[in-house]
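Peer 1: Below are the sequence and a predicted model; questions follow.
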Amino acid sequence: SWALRPACDRWQPACDSEARLRQRDSAMNRKLLISAISNLSTAYNLVIINVSHVTIAYQYCGGADACSAQVEAASTAVLVGAILGQLTFGYIGDCVGRSAALRLTMALSLFGATISAAAVPLGGDSSSVLTFLALSRFVLGVGVGGVYPLSATIATESSSNAERGRNASLVFSMQGVANLAAPLVSWALLAVFGVPATGSGG
């Protein structure tokens with residue numbers, strides 16, 4: 001690097017241009033990675049309820065038929081929130097910037113996922129844990145819905161014309177990885193910790 005320094009001193013504009021290109025490529029790769037991880041985490045949180053509500057219903061209700069309304073509410077609340085997030089966060093991204101809006105959606109997703117993981121029955125009715133899940137997953141859904149338009153926009157805007165399609169495909173392929181990971185993670189957790197007893201409520 002020392003030997004090249006005189007050339008850089010002599011051709012400083014060319015060296016500055018090369019440094020700017022490296023910084024731009026680094027920023028593009030960082031945005032692409034963030035968008036891909038965002039899609040992976042949100043898709044996982046979106047589909048995991050389809051696996052986990054079976055165990056939750058047997059544990060807290062004694063079977064899925066005993067609290068089918070609450071199960072449906074917990075399963076669909078995230079979709080309602082996702083619709084709201086998709087309709088609002090594109091506009092919010094235009095107002096405050098894509099990166100800031102994406103951080104906000106990820107914060108909502110993280111908050112909703114954390115509260116969902118800590119779900120407990122409300123009062124003496126053990127099946128009310130599904131009502132708790134419906135509320136927390138609505139918040140999660142708002143974050144999930146906001147991630148999709150923002151991550152797609154960030155992935156395409158931060159890519160060159162030649163790489164735009166490939167990068168957008170890479171970002172959204174993380175949804176397939178999440179769909180595969182959700183049942184595998186659930187299976188591994190049940191194998192390690194065992195299946196809760198029916199009607200155990202905890």
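Peer 2: Nice, thanks for sending it over.
Peer 1: which helices and strands sit right next to the longest helix anywhere in the chain?
Peer 2: When the chain is parsed with DSSP state H, its longest helix is helix 12-61. Using 3 or more Cβ pairs under 8 Å, 6 or more residues apart in numbering; DSSP states H and E, the elements in contact with helix 12-61 are helix 68-96, helix 98-117, helix 129-157, helix 164-193. For every residue, glycine as well, the C-beta is placed using N, CA and C.
Peer 1: Serialize those to TSV and add fields for mean pLDDT, mean neighbour count and distance to residue 52.
Peer 2: Formatted as TSV, these follow (pLDDT from 0 to 100; neighbours: other Cβ atoms under 10 Å; distance: least, Cβ to Cβ, whole Å):
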stretch	mean pLDDT	mean neighbour count	distance to residue 52
helix 68-96	87	18	9
helix 98-117	87	18	9
helix 129-157	85	23	9
helix 164-193	85	14	6
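Peer 1: Looking at these, which is nearest to residue 31?
Peer 2: helix 129-157 (5.3 Å; Cβ to Cβ).
Peer 1: Between helix 12-61 and the closest one, find me the angle.
Peer 2: Calculated by axes from the mean of the first three to the mean of the last three Cα atoms, to 10 degrees, helix 129-157 forms an angle of 160 degrees with helix 12-61.
Peer 1: Give me the helices and strands touching helix 129-157, please.
Peer 2: Packed against helix 129-157 by the contact rule (3+ Cβ pairs under 8 Å, 6+ apart) you find helix 12-61, helix 68-96, helix 98-117, helix 164-193.
Peer 1: okay, those in CSV with distance to residue 123 next?
Peer 2: Below are these laid out as CSV (distance: least, Cβ to Cβ, whole Å):
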stretch, distance to residue 123
helix 12-61, 13
helix 68-96, 14
helix 98-117, 17
helix 164-193, 26
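Peer 1: Against residue 106, how distant is the residue nearest to residue 39 when sequence neighbours are not counted?
Peer 2: Residue nearest to residue 39 in three dimensions, not counting chain neighbours: residue 174, with 4.2 Å by Cβ to Cβ, 6 or more residues apart in numbering. Residue 174 sits 14 Å away from residue 106, taking Cβ to Cβ, to the nearest Å as the criterion.
Peer 1: one step back: do you know which of the helices and strands packed on helix 12-61 lies nearest residue 56?
Peer 2: Closest approach to residue 56 among these is made by helix 129-157 (6.7 Å; Cβ to Cβ).
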